[in-house]
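Asker: Predicted model follows, preceded by the sequence.
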Amino acid sequence: MPRHRAGHRFAVAATAAALVPLLFVSACGEEDSGAADAGPSETDQPTDAGIETEDPADAVVGDWDAERKDRSAQGADVPRLTEVAVTEFEEYDRVTFAFDGSAPQVIASYVDEPPSGEGEPPELAGAHNLMVVLVWVDEESGFAPADLTDTVREVRDFGIFEGELRVVLGLDTPGGGAPGFRVTGTEDEVVVDIAHEQAG
């Protein structure tokens, strides 16, 4: 009988010893599983380094200057201008050029006088002439008279010359100086926003 008890103790000890590695492996597996479920650490998270986060179109009105602005064509087709609309906002007015087709390249800059050819320069309402040149547009382009505001006093079509449609905006500001502006748009629109105050 004593020999039997010793054998029994040996068998229990052997069984316990055999279970230890299994318990260890199981515990490690649970730890690994928890680590995997925890997701990447903060150091593994993507950052915005190298990404331009400020869109020029989001600049505040006071930051707009009166310098020339350019915007590239949005497609390879020859679009037709179909409409020009003027919308008044609290701090600026928006002039939208809508096209049948992709928006063309645009160049916007102040000029001392509107286009005149060989004759006398025509008079426009407003103290400042902002010329918007729409490059390579359909000869059938045109638009109905747009609504006007205290800032946008006139919108005049000066026709197409060598594929470029010239539209001049006659502008005023309470302070008398040329207002700041920006040029943005979509795939089929060109947008010119004009501040109600002169550029700083």
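Answerer: Okay, I see it. Residues are numbered from 1 along each chain as shown.
Asker: where does this protein dip in pLDDT?
Answerer: Filtered on pLDDT under 70, the chain yields the residue ranges 1-59.
Asker: would you list every one of the strands in it?
Answerer: 69-71, 80-88, 92-100, 105-111, 128-135, 152-161, 164-171, 179-185, 189-198 (DSSP state E).
Asker: Could I get those strands in CSV, plus columns for distance to Glu120 and mean neighbour count?
Answerer: In this view, the C-beta of every residue, glycine as well, is placed from N, C-alpha and C. Output for these, formatted as CSV (distance: least, Cβ to Cβ, whole Å; neighbours: other Cβ atoms under 10 Å):
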stretch, distance to Glu120, mean neighbour count
strand 69-71, 28, 16
strand 80-88, 25, 17
strand 92-100, 26, 20
strand 105-111, 15, 17
strand 128-135, 15, 20
strand 152-161, 14, 17
strand 164-171, 15, 22
strand 179-185, 26, 21
strand 189-198, 27, 21
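Asker: Distance to Pro121 added to those, as a markdown table?
Answerer: Listed next are the strands of the chain as a markdown table, based on distance: least, Cβ to Cβ, whole Å:
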| stretch | distance to Pro121 |
| --- | --- |
| strand 69-71 | 23 |
| strand 80-88 | 22 |
| strand 92-100 | 22 |
| strand 105-111 | 10 |
| strand 128-135 | 9 |
| strand 152-161 | 11 |
| strand 164-171 | 11 |
| strand 179-185 | 21 |
| strand 189-198 | 22 |
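Asker: Ok, which of these comes nearest Glu118?
Answerer: Nearest to Glu118 among those is strand 152-161 (13.1 Å), distances taken as Cβ to Cβ.
Asker: partners of that closest one in the sheet?
Answerer: If you go by DSSP bridges, strand 152-161 pairs up with strand 164-171 (antiparallel).
Asker: Any idea how far the partner strand is from the middle of the chain?
Answerer: Distance, stretch centre to chain centre, for strand 164-171: 24 Å (Cα atoms, centre = their mean, to the nearest Å).
Asker: and if you look at stretch 92-109?
Answerer: Stretch 92-109 has its C-alpha centroid displaced from the chain centroid by 15 Å (Cα atoms, centre = their mean).
Asker: So for it, first residue to last residue, what's the gap.
Answerer: From its first residue to its last, stretch 92-109 covers 17 Å (Cα to Cα, to the nearest Å).
Asker: Hmm, Ser72 is touching Ala103, no?
Answerer: No - assessed by Cβ atoms under 8 Å, Ser72 is found out of contact with Ala103, at 9.3 Å.
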